[in-house]
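Participant: Here is the input, now give the coordinates:
(one chain, ligands or ions: 3)
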Amino acid sequence: MSADIAVIAGDGIGKEVTAEVAKVLSAIGQRFGRRLHLEHLPWGADHYLETGVTLPPGGYDTLRQFDAIFIGALGDPRVPDNRHARDILLGTRFELDLYVNYRPVKLLDERLCPLKGRTPSDVDFVVFRENTEGLYVSIGGRFKAGTEDEIAIQEEVNTWKGVHRIVRHAFEFARARGLGRVCMADKSNAMTAGHALWQRVFREVAADFPDVTATHYYIDALAMYLVQDPAQFDVIVTNNLFGDIITDLAATFQGGLGMAASGNIHPGRTSMFEPVHGSAPKFAGKNVANPIGAISSAALMLETLGMTGEAAAIDAAVLQAVRDNEVTQDVGGTLGTREAGDAIVRRIQQSG
Ligand code: NAD
Ligand code: IPM
Ligand code: MN
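Facilitator: Residues are numbered from 1 along each chain as shown. Ligands and ions are numbered 1, 2, ... in the order given. I've put the predicted structure just below:
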């Protein structure tokens, strides 16, 4: 088994955590006898500022030819309108139709959780964030921008097909993993048109899954229940923006943004994997960023490619490094980014 992987390290700490992912994938390749070929693409803020190109013509077709895509992070204070991130990151989600944003939330060690008394068995759920529509579609614009007469319109798009496929995916995932509960979160009390569609679809799909308990919370209440009792959740499904926000909140339960992993998936097609965090400019180039979110995202990538033993080996090495406290400062360790990556690589090599 082999895989060709497009790698966009991107900006800021994205470059540093991606370097650790490359080391981990190399160790996995050696241990399991797999050819994991990484093709590094230079797209990011530096490339954009030098060339004026965010991604080249045919860039999405280039990406489609790989078995998977890995992205570090995109975002740079020198590009205030975030144009390159819109084209590269959001563009890849949209153009490759990666409608499932899969964000597992799993506490590895009790000491990392800021919620009082919570243990790993209390914090173990997944968020499915709709990833191709909602408020992210860039439909709208600014009229009389910069004046006191300015009108700014940004539309939220909800389609039956878009809502149906992510809600269905959440229920199918729950059934396949033997998880009993799916919670849908919307704001249908205020957004009475767009989110009425979520309500209708949720009811329709839930009826096909009598073995799964379907619950609904408004998104504001969900934020409160997540903090109060995360153990009540197995699977959460929500729209693009709400999913973005609650997965940063949920990342804190795992020890912070440095720990959180994600996949941007179209089942059966080339999919993209990245940590939940961004480019954290204040940490860039300082060898302090936690590489675990990125490394765990690479594990999700291998799992999606069918390399489940390889993915499990990464997860086991990460868990052991956390238990041994061979981690970065944000999660209570003393190591730098490279040294924390080395600690995981060593455990992969030793487990062989
Ligand atoms: P961020 O996720 O980059 O960082 C927020 C804070 O979280 C950091 O200041 C740091 O304290 C902590 N943090 C994040 N990653 C960490 C890590 N690996 N190790 C230790 N601590 C970590 O979010 P932001 O500051 O809101 O955004 C910075 C830039 O990143 C912006 O340009 C934003 O648009 C972009 N961004 C990109 C992505 C992506 O590429 N997927 C995701 C989020 C934000
Ligand atoms: C994420 C990020 C992106 C998003 C930004 C960088 C556009 O926050 O992947 O969570 O909002 O989707
Ligand atoms: Mn986000």
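
Participant: Please count neighbours and contacts with C-alpha atoms only from this point.
Facilitator: Will do.

Participant: hey, where'd the strands end up in the protein?
Facilitator: Per DSSP state E, the chain carries strands over the ranges 2-10, 35-40, 68-73, 100-106, 124-130, 140-143, 151-154, 181-186, 213-218, 235-238, 261-265, 271-275.

Participant: Show the pLDDT at residue 289.
Facilitator: Reported pLDDT at residue 289 in the predicted model: 98.

Participant: Repeat that for residue 331.
Facilitator: We have a pLDDT of 98 for residue 331.

Participant: any idea what sits nearest residue 113, other than its immediate chain neighbours?
Facilitator: Once flanking residues are discounted, residue 113 sits nearest to residue 253: 5.0 Å by CA to CA, 6 or more residues apart in numbering.

Participant: Give me the distance between the one you found and residue 289.
Facilitator: Distance, residue 253 to residue 289, by CA to CA, to the nearest Å: 18 Å.

Participant: on that earlier part again, next up, the contacts around the residue nearest to residue 113.
Facilitator: With contacts defined as CA atoms under 8 Å, 6 or more residues apart in numbering, residue 253 is in contact with 105, 107, 112, 113, 114, 115, 123.

Participant: Isn't the fourth one up against residue 255?
Facilitator: Yes. Using CA atoms under 8 Å, residue 113 is in contact with residue 255, at 5.5 Å.

Participant: Who's the closest spatial neighbour of the residue nearest the centre of the chain, skipping the chain neighbours?
Facilitator: With distances taken as CA atoms, centre = their mean, residue 262 lies nearest the centre of the chain, 2.5 Å away. Nearest non-adjacent residue to residue 262, counting by CA to CA, 6+ apart: residue 103, 4.6 Å away.

Participant: who does that neighbour bridge with?
Facilitator: When bridges are called by DSSP bridges, residue 103 pairs up with residue 127.

Participant: all numbers from here: first residue = 165
Facilitator: With the count now opening at 165, the last piece we talked about shows up as residue 267.

Participant: was I right about it contacting residue 292?
Facilitator: Yes. If you go by CA under 8 Å, residue 267 and residue 292 touch, sitting 6.4 Å apart.

Participant: residues touching the residue of the stretch 265-414 of the chain found nearest ligand 1, list them.
Facilitator: Among the residues of the stretch 265-414 of the chain, residue 412 lies closest to ligand 1, at 8.2 Å counting by CA to the nearest ligand atom. By CA under 8 Å, 6+ apart, the contact set of residue 412 is 421, 440, 441.

Participant: likewise residue 493?
Facilitator: Applying CA under 8 Å, 6+ apart, we find residue 493 in contact with 452, 454, 499, 500.

Participant: quick revisit: can you pull the pLDDT of the residue nearest to the centre of the chain?
Facilitator: Residue 426 is assigned 98 on the pLDDT scale.

Participant: Around ligand 1, pick out the residues from the chain.
Facilitator: Within reach of ligand 1 by CA under 6 Å from any ligand atom, the chain has these residues: 237-240, 421-422, 440-444, 453-455, 494.

Participant: try 5 Å this time
Facilitator: Within the chain, the positions near ligand 1 by CA under 5 Å from any ligand atom are 237, 238, 239, 240, 421, 422, 441, 442, 443, 444, 453, 454.

Participant: could you list every residue that touches the closest residue in space to residue 228 that isn't next to it in sequence?
Facilitator: Nearest residue to residue 228, sequence neighbours excluded (CA to CA, 6+ apart): residue 434, at 5.9 Å. Listed by CA under 8 Å, 6+ apart, the contact set of residue 434 reads 227, 228, 229, 230, 231, 232, 233, 260.
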